[in-house]
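> Return a 3D structure for these sequence lines:
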Amino acid sequence: MGNFSLSSLNLKKLSKREIYEICKLKNSFWRYGLKNNLEWFKKNVFKDDLHIILKLNKKIIGYNLLRKRCFYHNTQKKIYYYFDTLIIDKDFRKLNLSKKLLELTNEILKKKKTHGFLICKRRSERFYKKFNWKKIKNSQFIIKDHNYKKSFFIGMINNYLRLDIKKKNIYYFNRIIK
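A predicted model of the protein is given here:
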């Protein structure tokens with residue numbers, strides 16, 4: 001089928017062509033227009049965010065964005081990674097390639113001794129559970145600077161820190177809090 005390569009890069013190591021390819025791939029599913037995707041990328045992706053890229057013969061066919069952000073738990077500020085985007089080129093779906101991206105994502109979270117958090121549609125819960133992501137109750141977390149409908153989405157955590165979230169809320173931020 002060709003040469004697959006999988007890498008994790010920060011913004012500094014991405015070329016302009018790769019950013020363009022990522023936004024083009026995202027636009028194939030989230031059709032906001034390539035220009036809007038590029039503007040969103042420029043505004044919302046920071047230098048310490050991680051880009052997990054799956055290539056086939058140097059063409060980007062899979063992408064996962066881990067956005068380095070902060071959260072408060074028991075009044076302590078800590079770092080987590082917001083699992084933002086997971087996409088596979090439509091011509092390569094059903095080949096189990098998202099597994100490669102998620103395995104590297106989990107490895108990164110474990111190595112960095114932090115956790116990942118995502119929001120997804122309820123119908124995606126089973127998929128993420130296969131990769132050790134666990135649903136957390138909507139009452140256990142608050143995203144302070146992001147609007148979404150809790151009736152349509154759920155929160156999931158890949159919890160390498162073993163956070164005690166039974167009694168305390170986790171306050172997440174989508175931007176870096178200094």
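
> State which strand of this structure is the longest.
Longest strand of the chain, by residue count under DSSP state E: strand 59-73.

> what comes up buried for the helix or strand just after that one?
Sequence-wise, the next helix or strand downstream of strand 59-73 (DSSP states H and E) is strand 76-88. Across strand 76-88, burial judged by 16 or more other CB atoms under 10 Å covers 80, 81, 82, 83, 84, 85, 86, 87, 88. Just so you know, the C-beta spots here come from the backbone N, C-alpha and C atoms, and that holds for glycine as well.

> Check stretch 37-44 too.
Quick answer for stretch 37-44 (16+ other CB under 10 Å): 37, 38, 41.

> I'd like to know how far the residue nearest the centre of the chain sits from residue 59.
The chain has residue 83 as the residue nearest its centroid, 2.1 Å off, counting by CA atoms, centre = their mean. Distance, residue 83 to residue 59, by CB to CB, to the nearest Å: 24 Å.

> and which of the buried residues of stretch 37-44 is nearest to residue 71?
Within the buried residues of stretch 37-44, the smallest distance to residue 71 is 23.0 Å, found for residue 41 (CB to CB).

> what's the closest non-adjacent residue to the closest one?
Spatial nearest neighbour of residue 41, excluding adjacent residues (CB to CB, 6 or more residues apart in numbering): residue 23 at 5.6 Å.

> looking at it, the one you found is touching residue 42, isn't it?
No: applying CB atoms under 8 Å, one finds residue 23 not in contact with residue 42, separated by 9.6 Å.

> Please pull out the lowest mean pLDDT helix or strand from this structure.
In the chain, no helix or strand scores lower on mean pLDDT, DSSP states H and E than strand 170-172, which sits at a mean of 63.

> in the helix or strand where residue 128 lies, what's buried?
Using DSSP H and E, residue 128 sits within helix 125-129. Buried positions in helix 125-129, judged by neighbour count with 16+ other CB under 10 Å: residue 128.

> Wait, the residue nearest to the centre of the chain touches residue 117, no?
Yes: using CB under 8 Å, residue 83 is in contact with residue 117, at 6.6 Å.

> Quick check: neighbours shared by the two?
Residues touching both residue 83 and residue 117 by CB atoms under 8 Å, 6 or more residues apart in numbering: residue 158.

> partners of residue 87 in the sheet?
residue 63 (DSSP bridges).

> Next one: it from residue 68, what distance?
Taking CB to CB, one finds residue 87 at 20 Å from residue 68.

> Kindly report the same for residue 118.
For residue 118, the distance to residue 68 - CB to CB - is 14 Å.

> Following the chain onward from the longest helix along the chain, which element is next?
Of all segments of type helix in the chain, defined using DSSP state H, the longest is helix 98-111. Note on helix 98-111: by DSSP H and E, the next helix or strand toward the C-terminus is strand 115-121.
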